[in-house]
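S.K.: quick one, structure for this:
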Amino acid sequence: MPHEIAAVLDNLSRSTVAVVGDFCLDVYWMTEPDTGEISLETGLLTHPVHSHRYSPGGAGNVVMNFHALEVSKIFLFGVIGDDPFGRELLRQLDRPEIDRSGLVIQQQDWQTPSYVKPHLDGKESNRIDFGNFNRLSDETATELIEKLERVLPQVSVVLINHQVAGSLHNSKLFRTRLNEIIERNPNICFILDSRGFHDAYPGAVHKLNEGEVLRQSGRASEEGQRVTLNELLNLSKDLFQQWKAPLIVTRGEKGCIVFDSDSPKQIFGVQLLRKVDPVGAGDTFVAALAAIVASGSNLAAAAFVANLAGAVTAQKLLQTGTASPAEILELGSLSDYIYRPELADSPRYARYWGECEIEIIEEPPRLLNIRHAIFDHDGTVSTLRQGWEQIMEPMMLRSIFGGDYKSVDSGVLHRVTGRVKTFIDKTTGIQTIAQMHGLVEMVVEFGFVPKEKILDAAGYKHIFNVEIKALVNKRLDKLATGQLQIEDFTIKGAVPFLRSLSAQGIRLYLASGTDDADVKEEAERLGYAGLFDGGIFGSVGDVAKDAKKIVLERIFDEVTGAYDQLITFGDGPVEMRETVKRGGFALGIASDEVRRFDLNLEKRTRLIRAGAKAIVPDFSQGEMLWNFLRLPDTSRSNRFSADRNAGSVPHAEALSGASH
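M.R.: Residues are numbered from 1 along each chain as shown. Predicted structure coming up:
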């Protein structure tokens, strides 16, 4: 996958594009009212500006994204006013690869669209807008069209941008002439990113978000309104047939959908663990899409890489942001994806294998021939560490607030607790040391703890380990004294299932994010360590050496590309994603760890989003699971008997319109 992304990005330097649209200027004035004085003229307090900055907005920001993507030549076509903001915008766009000769200055009835954002005491105040009442003259419209036509032989993609109230697209003459150009040049790809003029340019490739699809279809769209995938597919198909042109529908963290034929393609979203800021991500997406199409790729490939580009920008906080080829490649090499979000969030779409509890997301491959099986430990086989979240959450809060933990304002406590809960939910299943790196970032971000008192990730991990070990040791003591039995600390049916796999000569591996020594000790104490002839692997304390990733790499070396021989059982996203990336079969164990059986809906959601091909609540239906996985049909007498003998174990995607 990374080499394919690199091949696409390597071609960007040969791309030549034109941008037609609303060129704007974003203006930031940082004021300090406390240092103001009373105006002698008005008697009002002045707002002194201690700093100010300017950046291209609208189509201008799209151009800056083309610049960051290292596109070879960018031709601009738009209108600015004869005013200071227009001159500043021209200065901001002064780059060797940017041709500004198509930016026309209209002397009358036009102000450079500018958005002044005063910040009072560090917080943005009411915005001041210029250009809302712009009116494009017929003379300017004609001049723009003529300039664009002269450049067309030099470009392969024209990006049409519409973003503001006082837009050049408000001119009927301009819309008519631009649409005529689209119709006369079928060999040029015109990509339209518009808030309201899609019907004016039916022959373009239409880029919309979910809300714009609803509005374009005559449906009311409210902030935060959710639309099902089936509904979105049907509405988008109608628009596809109406315009007879491709659509790309962006869906935020859910990725995007490409309609360039009767069979739409779903591009899965990127899993981002850090805090995100979506401002500017849409401009990055459409710029990357246009640049990649201009370099010769098809729409689906372009949308895939553009989705990565948008995710790069979304991680840049408090800025509009752009994405460079190096940043896109880095994220693409390491990224995890959000699979089937609608199915994950809605159990009503689940379908099952026969009359049992095995939920099928994808049928097992016809040639599935399991010879290697990886098991996650905590929550998949063992429940010794059940409740670790309830230990990690208060531990993280104490670390973030330091000495202020007991006295902090309840509103602040609620906000930080929400962040911590979200972080734990997103990182469930990864190494503890990686979670502690995230904790360090949050401690620094919230600023309650003096810099010199902030621990490193290893220091915070030690605190957590002490607390979780106390819980585990208490449970192991009850096991040693006979107060509780092995079956009280294992998922229902897990040990008999392991024993049966081992008896069939299937090589077993145990991979855990828990420290290496601890997971080995716990597997020994629970009596099944000897079954894992492939080895037991735990965290070695280095975030760059993820135990699960290492063991997967080793196993794939052993099977020498025979991916139909590998299955992973786990209740965490990491093992699901890593297995899916490498072509193995990922089976999610979504068990209620308190009862040791039955379905945990939150786990189900996480596992499907991580790429699980099937979900089971536990191993209690071992016989049916055995058949589902097409394991050897040999004698099964007492194969899946109760866990009472466990102590004797010796030591050692195209879319079809459906929501999924």
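S.K.: how about the strands in the stretch 1-150 of the chain?
M.R.: 16-20, 23-31, 49-58, 73-81, 98-99, 103-106, 114-120, 123-124, 128-130 (DSSP state E, counting those that start in this stretch).
S.K.: so where's the protein shaky on pLDDT?
M.R.: The model of the chain has pLDDT under 70 over residues 1, 221-225, 262, 318, 429, 541-547, 634-660.
S.K.: mind giving me the domain split of it?
M.R.: The chain breaks down into these domains under automatic domain parsing: 2-338, 341-383+490-648, 388-480.
S.K.: mind putting those into JSON lines with mean neighbour count?
M.R.: Where you see a C-beta, it was placed from the backbone N, CA and C, and this is true even at glycine. As requested, the domains of the chain are exported to JSON lines (neighbours: other CB atoms under 10 Å):
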{"stretch": "domain 2-338", "mean neighbour count": "19"}
{"stretch": "domain 341-383+490-648", "mean neighbour count": "19"}
{"stretch": "domain 388-480", "mean neighbour count": "16"}
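S.K.: report the central residue of the chain.
M.R.: The centre of the chain sits closest to residue 270, judged by CA atoms, centre = their mean, with a distance of 2.6 Å.
S.K.: and that residue, bridged to which residues?
M.R.: Beta bridges link residue 270 to residue 337 when assigned by DSSP bridges.
S.K.: tell me who's in contact with it.
M.R.: Applying CB atoms under 8 Å, 6 or more residues apart in numbering to residue 270 gives the contacts 253, 255, 307, 308, 311, 331, 335, 336, 337, 338.
S.K.: if we can go back for a sec, so can I have CSV of the strands of the stretch 1-150 of the chain showing distance to residue 355?
M.R.: Converted to CSV, the strands of the stretch 1-150 of the chain look like this (distance: least, CB to CB, whole Å):
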stretch, distance to residue 355
strand 16-20, 56
strand 23-31, 60
strand 49-58, 57
strand 73-81, 61
strand 98-99, 64
strand 103-106, 68
strand 114-120, 60
strand 123-124, 58
strand 128-130, 62
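S.K.: looking at these, which is closest to residue 485?
M.R.: strand 123-124 (59.1 Å; CB to CB).
S.K.: all strands of the stretch 501-650 of the chain, in order?
M.R.: For the stretch 501-650 of the chain, applying DSSP E, counting those that start in this stretch gives strands covering 507-515, 535-539, 566-570, 585-589, 614-616.
S.K.: mind putting the ones you listed into a markdown table with distance to residue 188?
M.R.: What follows is the strands of the stretch 501-650 of the chain, written out as a markdown table (distance: least, CB to CB, whole Å):
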| stretch | distance to residue 188 |
| --- | --- |
| strand 507-515 | 51 |
| strand 535-539 | 54 |
| strand 566-570 | 47 |
| strand 585-589 | 43 |
| strand 614-616 | 46 |
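S.K.: quick one, strands of the stretch 351-500 of the chain?
M.R.: With strands called from DSSP E, counting those that start in this stretch, the stretch 351-500 of the chain shows them at 359-360, 372-376.
S.K.: so what's the nearest residue to residue 105 once chain neighbours are set aside up against?
M.R.: Of all residues not flanking residue 105 in the chain, residue 82 sits nearest, at 5.3 Å (CB to CB, 6 or more residues apart in numbering). Going by CB under 8 Å, 6+ apart, residue 82 touches 105, 106, 107.
S.K.: give the phi and psi angles for residue 82, as a check.
M.R.: Taking degrees, to the nearest 10, you get phi -90, psi 80 for the backbone angles of residue 82.
S.K.: relative to residue 56, how far out is it?
M.R.: Counting by CB to CB, to the nearest Å, the gap from residue 82 to residue 56 is 18 Å.
S.K.: again, but for residue 596
M.R.: Taken as CB to CB, the span from residue 596 to residue 56 is 58 Å.
S.K.: what of residue 42?
M.R.: Residue 42 is 34 Å from residue 56, by CB to CB.
S.K.: bridge partners for residue 191, pull those for me.
M.R.: Under the criterion used (DSSP bridges), residue 191 bridges to residue 159, residue 205.
S.K.: quick check: it touching residue 157?
M.R.: Yes. With contact defined as CB atoms under 8 Å, residue 191 counts as touching residue 157 (6.4 Å).
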